[in-house]
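[1] Quick one, structure for this:
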Amino acid sequence: MRMIRALCKGVCACLVTGGLLLGVAGCSSDKPNEIKTSPLPKLAHSAVQIEKIWSFRVGNGSGARFETLRPGITEQLVVAASEDGTVEAHDRRSGQRLWKVKAPAAIQVGVVAGYGIAVVGCSDGRLLAYRLKDGVLSWTASLPSSPVSLPALGSSLVYVSINDGMLFALSIKDGKKVWTAQSNVPALSLQGMATPFLVNGNVLLGTGSGRVLSFDAATGAPQWESRVVDADGQTEIERMNDVDGQMAADADSLYVASYHGGVASIDPDNGKHRWDSHTSSWQGLTVGLGSVYVSDEDSTLETFDVISGKPGWKQSGLLGRRITAPLLLNNILLVGDFDGWIHAMSVEDGHWLGRIHLYRSGGFVAPLQAYDGVIYAQSQRGRVVAIRIQMKKV
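    As a prediction, this is how the structure comes out:
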């Protein structure tokens, strides 16, 4: 799951491993809240054909750290990074390596690629931009503390949030600071934040206090602030309310999920809620075909109508398997899990369409990505794979 960051004395930081939540509450002796890992769902026959196109391994993956490193995808390239500082660019179609460089420090977030550069964030607070064409370091920006989210690229600015809650907007040309904004960081939060999200000329920042803040993307001027859903609970742990997973948007609304809070449909122009629901998620969500698809904290897939917020189908067959945020590709919904599987299900009712087992250890935590009909994934061990999926002919 996610590392828990404690900013106050007497609170332990623990990690969720397998399906077991290792209790975190002032180092108390409270019994942990165990979620048993479901066995693989029964699959009578596969309705999809899944083809592995190519794969490669980059460095040591996430190493001993619990990072959700993911590749940056462009029309020509797949750029991947590992905790040990390795950054590699491969041809998107063939998987052939085109260049490889070594970052000067451990990599904590990355990769985001576009506008001629690939950007990674280091544990020492440096943000590095490499030229896509040859891997030459284009610029370095030194931040006050380590980045905690994948940066977001605009046409002229790079947006990145750091450990103390600040949001930086840097020039995409040279990495120089253009503006900054501050958010409050609670005493206890998940180690990570949602990637800054660009919509309608604004950049949106999810916070550890369960809020979404909107700033003018060019100037940093505050636009609005909205709480996602209040968290219920008796303890500080239970009231943790991070906006940690990926957001999504369609033509009308922004969709956000928070841990111990809920899912909300928000007007991106003013921050007003259209609807909300109490579904806790740290992985995030996606939207399409009239529904919002959410991976909740227990690894149940839940759906909501985009207009009314009315709940749709649920798929709990992967309970406790630490699934990724969902990916929607055509009429197929896909998730990866901690055991190296990628699962495919129907968007209509969540029934199983098929699955593929790619790796025996070091499964998938970072969200799957798609480009031009091909799915790209990076495992915790640094294995990067491209697969193609299609419905079988009846």
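[2] C-alpha only now, for contacts and for neighbours.
    Will do.
[3] Surely Gly317 and Thr300 touch.
    Yes. Contact status for Gly317 versus Thr300: in contact at 7.3 Å, counting by Cα atoms under 8 Å.
[4] Flag the shaky bits of the stretch 201-350 of the chain, pLDDT-wise.
    Confidence mapping of the stretch 201-350 of the chain against pLDDT under 70 gives the ranges 229-242.
[5] can you pull out the strands in it?
    Chain-ordered strands for the stretch 201-350 of the chain, with DSSP state E, counting those that start in this stretch as the definition, fall at 202-206, 211-216, 222-227, 248-249, 254-257, 263-266, 273-277, 284-288, 291-295, 301-305, 311-315, 327-329, 332-336, 341-346.
[6] among these, which is the most enclosed?
    Between the strands of the stretch 201-350 of the chain, strand 254-257 has the highest mean count of neighbours, a mean of 29, where neighbours are mean count of other Cα atoms under 10 Å.
[7] Show me what that strand is packed up against.
    For strand 254-257, the helices and strands in contact under the criterion 3 or more Cα pairs under 8 Å, 6 or more residues apart in numbering; DSSP states H and E are strand 248-249, strand 263-266, strand 284-288.
[8] Could you say which one of those strands comes nearest to Ala218?
    For the helices and strands packed on strand 254-257, distance to Ala218 was read as Cα to Cα. The smallest value, 19.9 Å, belongs to strand 248-249.
[9] got the contact list for that closest one?
    Outside of strand 248-249, the residues that reach it under the criterion Cα atoms under 8 Å, 6 or more residues apart in numbering are Val199, Leu254, Tyr255, Val256, Leu285, Thr286, Val287.
[10] what does stretch 197-206 give?
    152, 154, 167, 193-196, 212-218, 242-244, 247, 249, 268-269.
[11] Straight-line length of it, end to end?
    The straight-line separation of the ends of stretch 197-206 (Cα to Cα, to the nearest Å) is 9 Å.
[12] Count the residues that sit near the closest residue to Val335 other than its chain neighbours.
    Closest residue to Val335 apart from its sequence neighbours, by Cα to Cα, 6 or more residues apart in numbering: Pro326 at 5.0 Å. Neighbour count for Pro326, taken as other Cα atoms under 10 Å: 26.
[13] Confirm for me that Pro326 is in contact with Asp337.
    No. Using Cα under 8 Å, Pro326 is not in contact with Asp337; the gap is 10.7 Å.
[14] Pipe the strands of the stretch 201-350 of the chain into JSON lines and attach distance to Lys102 per row.
    Formatted as JSON lines, the entries for the strands of the stretch 201-350 of the chain read as follows, by distance: least, Cα to Cα, whole Å:
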{"stretch": "strand 202-206", "distance to Lys102": "30"}
{"stretch": "strand 211-216", "distance to Lys102": "34"}
{"stretch": "strand 222-227", "distance to Lys102": "38"}
{"stretch": "strand 248-249", "distance to Lys102": "33"}
{"stretch": "strand 254-257", "distance to Lys102": "35"}
{"stretch": "strand 263-266", "distance to Lys102": "39"}
{"stretch": "strand 273-277", "distance to Lys102": "44"}
{"stretch": "strand 284-288", "distance to Lys102": "31"}
{"stretch": "strand 291-295", "distance to Lys102": "34"}
{"stretch": "strand 301-305", "distance to Lys102": "38"}
{"stretch": "strand 311-315", "distance to Lys102": "42"}
{"stretch": "strand 327-329", "distance to Lys102": "31"}
{"stretch": "strand 332-336", "distance to Lys102": "28"}
{"stretch": "strand 341-346", "distance to Lys102": "30"}
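[15] how about these, which one is nearest Leu128?
    strand 202-206 (20.9 Å).
[16] Let me see the contact set for Arg93.
    Each residue near Arg93 by Cα under 8 Å, 6+ apart is listed here: Gln76.
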